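> sharing a sequence plus its predicted fold:
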Amino acid sequence: MRGRNAALLAAVIFIGYFVFGVSENIRGPALPRMQEDFGFSEWHLGMLLALNALGFLIACSFAGRLIRAVGSRAALAAAFAAMTLSGVFIGAAPNAALFAAAFFLLYLGNGLLEIGLAVVCARLFTKNTGFLMNLSHFFYGLGSTISPVAAAAMGWTVGGGELGWRGMYILLLLSCAVPLIPALLARYPGEDGGGAAGEAPLSWRHLLRDKSAWCNVALLSLGVTAELGAGGWMVNYLEKVHAFSSVRASGMMSLFFLAFMISRLALGPLTDRIGYVRSVILFAAASGLLSCAGVLIGADGAVLLALAGAGIGPVYPTVMAFLAKRYPRGTGAAITFTVTAIGILGVAGNFLIGWVMDAFGYEAGYFLIGSCALGCAAAGAALHRLLRKEGRLI
């Protein structure tokens, strides 16, 4: 891919991941304000995040078939449009039920975008896959880093009134319309004129019998739960447990995503050298140890919670690179299977974290988040042993 089309594809991928990061991580600073407005308990917040994961799961379950039927162009355009509209609906929702429905729409769009971008990247990045996958996801980290800082706009005065979390959601999610134009104009690898993909689908029956596929599901489910758990709960944890101000807590969350972002850029080339599975083991273990230590130390350990982002950051794109190499003729199906499966476990994970925080306190809940990262490393070790026995280490 060269010239104009390469530039269009780069815009779709990089801007797409950027707005994905924005859309997923503006919620952290806004959650305490939503909780106050709607009278949510921690359990209700856990249920809301579980509902979001369910929307993501539903989108993932049909995204692969949709892409094969209508092509990446239409699927990505639908994702960007849904995310843009959801911002308007979230900002205008008059009650908790419609607010939850608007959030559900956002995560439907996120799920479709996640599969669509991953499939395009896997088809496009056939060399230096680990580096290029991490580079793409660097832009997710960039959006995630900027969004908590931008969420401070809740306090801005606009037209004589405070913008608030509702106006902030509308304003920031309008950015999801930006990559819509290059998404409609680009020609996609593996497709004829943007139509259905030419890649032969890999049977889910085959994946269900593949032990390494299930190891992947386990490690990525735990890794994503740790990543999203930190993004969703860090601000609340620091405000409620250590009495951090909203600005200070949001700053720590931004530091988490700054470390998250830089590690993807700096450590991406390393994954191609030392191997994808070994990389996941090392990075996830470091993240889990930092998170657990941060909880045990207390307020002074908040910086360790933020630095844990450097470990968990490269895990997801490195696993995507692994899938592209492990299943070169069925990457789309393998990604859809994996992301759908982790979506199921994500529903349970978000519910469990919310329940633990409600029942045993924020320290126990955040310790569970760190333990998920350690579990990710353990699942990676199991995958490493399995692949070594097969003589197929990647």
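All right, it came through fine.

> would you list every one of the helices in the stretch 151-300 of the chain?
Listed in chain order, the helices found in the stretch 151-300 of the chain under DSSP state H, counting those that start in this stretch are 164-173, 180-185, 204-208, 211-242, 246-274, 276-297.

> for the shortest one, give me every contacting residue.
Translated: helix 204-208. Helix 204-208 is contacted from outside by 213, 333-334, 337, using CB atoms under 8 Å, 6 or more residues apart in numbering. C-beta coordinates here come from the backbone N, C-alpha and C atoms, glycine included.

> now it, how far from the centre of its chain.
Centroid displacement of helix 204-208 relative to its chain, using CA atoms, centre = their mean, to the nearest Å, is 24 Å.

> check the model's average confidence along it for me.
Summarised as a single mean, pLDDT over helix 204-208 is 81.

> which secondary element of the chain has the worst mean pLDDT?
Lowest by mean pLDDT, DSSP states H and E among the helices and strands of the chain is strand 157-158, with a mean of 51.

> returning to what we had before: turn the contacts of helix 204-208 into TSV, columns for secondary structure and distance to residue 20.
What follows is the contacts of helix 204-208, written out as TSV (DSSP: H, G, I helix; E, B strand; the rest coil; distance: CB to CB, whole Å):
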residue	secondary structure	distance to residue 20
213	helix	24
333	helix	22
334	helix	20
337	helix	20
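
> report the two of those separated the most.
Using CB to CB, the pair of the contacts of helix 204-208 lying farthest apart is 213 and 333, separated by 10.6 Å.

> ok, how many other residues are close to residue 220?
Residue crowding around residue 220 was assessed by other CB atoms under 10 Å; the count is 28.

> ok, it - contacts?
Applying CB under 8 Å, 6+ apart, we find residue 220 in contact with 315-316, 319, 338, 342, 376.

> out of those residues, the closest to residue 231 would be?
For the contacts of residue 220, the minimum distance to residue 231 (CB to CB) is 12.4 Å, reached by residue 316.

> wait, a strand at the closest one?
No: secondary structure assignment places residue 316 outside any strand; it is helix (DSSP: H, G, I helix; E, B strand; the rest coil).

> residue 225 is in contact with that one, correct?
No: counting by CB atoms under 8 Å, residue 316 sits too far from residue 225 to count as a contact (11.6 Å).

> these two: who's more crowded?
Remark: of residue 316 and residue 225, residue 225 carries more neighbours, 26 against 23, as counted by other CB under 10 Å.

> ok, and the closest non-adjacent residue to that one?
In space, residue 225 comes closest to residue 349 once its chain neighbours are excluded; the distance is 3.8 Å by CB to CB, 6 or more residues apart in numbering.

> quick one: neighbours of the one you found, just the number.
Other residues lying near residue 349 total 25 when counted by other CB under 10 Å.

> i'd like the first residue to be 10 from this point on
OK, 10 is where the count begins now, so the last one is residue 358.

> residue 344 versus that one, what's the distance?
The gap separating residue 358 from residue 344 is 20 Å, by CB to CB, to the nearest Å.

> can you check residue 360 too?
Using CB to CB, residue 360 is found at 25 Å from residue 344.

> between these two, point out the one with more neighbours.
Per other CB under 10 Å, whichever of residue 360 and residue 344 has more neighbours is residue 344, with 26 against 17.

> over to the nearest residue to that one once chain neighbours are set aside. Which of the three states is it?
Nearest residue to residue 344, sequence neighbours excluded (CB to CB, 6+ apart): residue 127, at 4.8 Å. Assigned with three-state DSSP, residue 127 falls in the helix class.

> please name the residues that touch residue 127.
For residue 127, the residues meeting the contact criterion (CB under 8 Å, 6+ apart) are 329, 344, 348.

> again, but for residue 18
Shown here is residue 18, whose contacts under the criterion CB under 8 Å, 6+ apart are 10, 129, 133, 191, 195, 197-198.

> tell me the angle the helix or strand where it lies makes with helix 220-251.
In this structure, residue 18 sits in helix 12-34 according to DSSP states H and E. Here helix 12-34 points in a direction 50 degrees away from that of helix 220-251 (axes from the mean of the first three to the mean of the last three CA atoms, to 10 degrees).

> helices or strands up against the helix or strand just after helix 12-34?
For helix 12-34, the succeeding helix or strand toward the C-terminus, using DSSP H and E, is helix 36-47. Contact analysis of helix 36-47 by 3 or more CB pairs under 8 Å, 6 or more residues apart in numbering; DSSP states H and E lists helix 51-101, helix 105-133, helix 173-182, helix 220-251, helix 255-283 as its packing neighbours.

> TSV for the helices of the stretch 160-309 of the chain, including distance to residue 26?
As requested, these are exported to TSV (distance: least, CB to CB, whole Å):
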stretch	distance to residue 26
helix 173-182	15
helix 189-194	13
helix 213-217	25
helix 220-251	14
helix 255-283	10
helix 285-306	19
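
> so which of those gets nearest residue 58?
If we rank the helices of the stretch 160-309 of the chain by CB to CB, the stretch that ends up nearest is helix 220-251, at 5.7 Å.

> so which bits of that closest one are buried?
221-251 (16 or more other CB atoms under 10 Å).

> for ChimeraX, what selects the buried ones among the contacts of residue 18?
The following ChimeraX line selects those of the contacts of residue 18 that are buried, judged by 16+ other CB under 10 Å:
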select :129,133,191,195,197,198
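
> now render the contacts of residue 18 as TSV, adding pLDDT and distance to residue 119.
Compiled in TSV, the contacts of residue 18 are given as follows (pLDDT from 0 to 100; distance: CB to CB, whole Å):
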residue	pLDDT	distance to residue 119
10	50	26
129	89	16
133	85	21
191	94	19
195	91	20
197	89	20
198	82	23
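
> just for the stretch 260-403 of the chain, where's the confidence low?
Per-residue confidence of the stretch 260-403 of the chain (counting by pLDDT under 70) places the weak regions at 355-356.

> how close does residue 74 sit to residue 66?
Distance from residue 74 to residue 66, by CB to CB: 15 Å.
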